[in-house]
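Asks: Just need the structure, nothing else, for what follows:
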Amino acid sequence: MSIDRIVLAFAGFMIVGTLLLGLYVSPYWFWFTAFVGANLFQSAFTGFCPLALILKRIGVRPGAAF
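Replies: Numbering: from 1, shown residues only. Just a heads-up that it's a prediction; the model follows:
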């Protein structure tokens, strides 16, 4: 699996997970959902993604975007 696919899978998991936590635990979790979405949005324009840097450092195969 490349860095691109891992980043997208992780972001999707975090969005769905925090939406469920926001519905069933506390609405404050929606702030984390917004943070993940904002990070995805900014990485589309800047190419900067903290998770991609971590994955690259541990030796995951790079993809086309990261």
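
Asks: just for the protein, where's the confidence low?
Replies: 66 (pLDDT under 70).

Asks: Okay, helices next: where are they in it?
Replies: Here the chain has its helices, by DSSP state H, at 3-24, 29-46, 50-57.

Asks: Only the buried residues of stretch 43-61, if you could.
Replies: Across stretch 43-61, burial judged by 16 or more other C-beta atoms under 10 Å covers S43, C49, L51, A52, L55, V60. Every residue, glycine included, has its C-beta placed from N, CA and C.

Asks: hmm, I was thinking of stretch 16-34
Replies: Within stretch 16-34, the residues scored as buried using 16+ other C-beta under 10 Å are T18, L21, G22, W29, F32, T33.

Asks: so what's Y28 up against?
Replies: G22 (C-beta atoms under 8 Å, 6 or more residues apart in numbering).

Asks: And it, how far from L21?
Replies: As for Y28, its distance to L21 is 9 Å (criterion: C-beta to C-beta, to the nearest Å).

Asks: ok so, going back, dump the buried residues of stretch 16-34 to a markdown table, plus distance to I3.
Replies: Formatted as a markdown table, the buried residues of stretch 16-34 follow (distance: C-beta to C-beta, whole Å):
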| residue | distance to I3 |
| --- | --- |
| T18 | 22 |
| L21 | 26 |
| G22 | 28 |
| W29 | 26 |
| F32 | 22 |
| T33 | 22 |
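
Asks: Now the common contact residues for Y28 and L21.
Replies: Common contact partners of Y28 and L21 (C-beta under 8 Å, 6+ apart): none.

Asks: before we move on, the earlier item: as TSV, the helices of the chain with distance to A64 would be great.
Replies: Formatted as TSV, the helices of the chain follow (distance: least, C-beta to C-beta, whole Å):
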stretch	distance to A64
helix 3-24	6
helix 29-46	13
helix 50-57	12
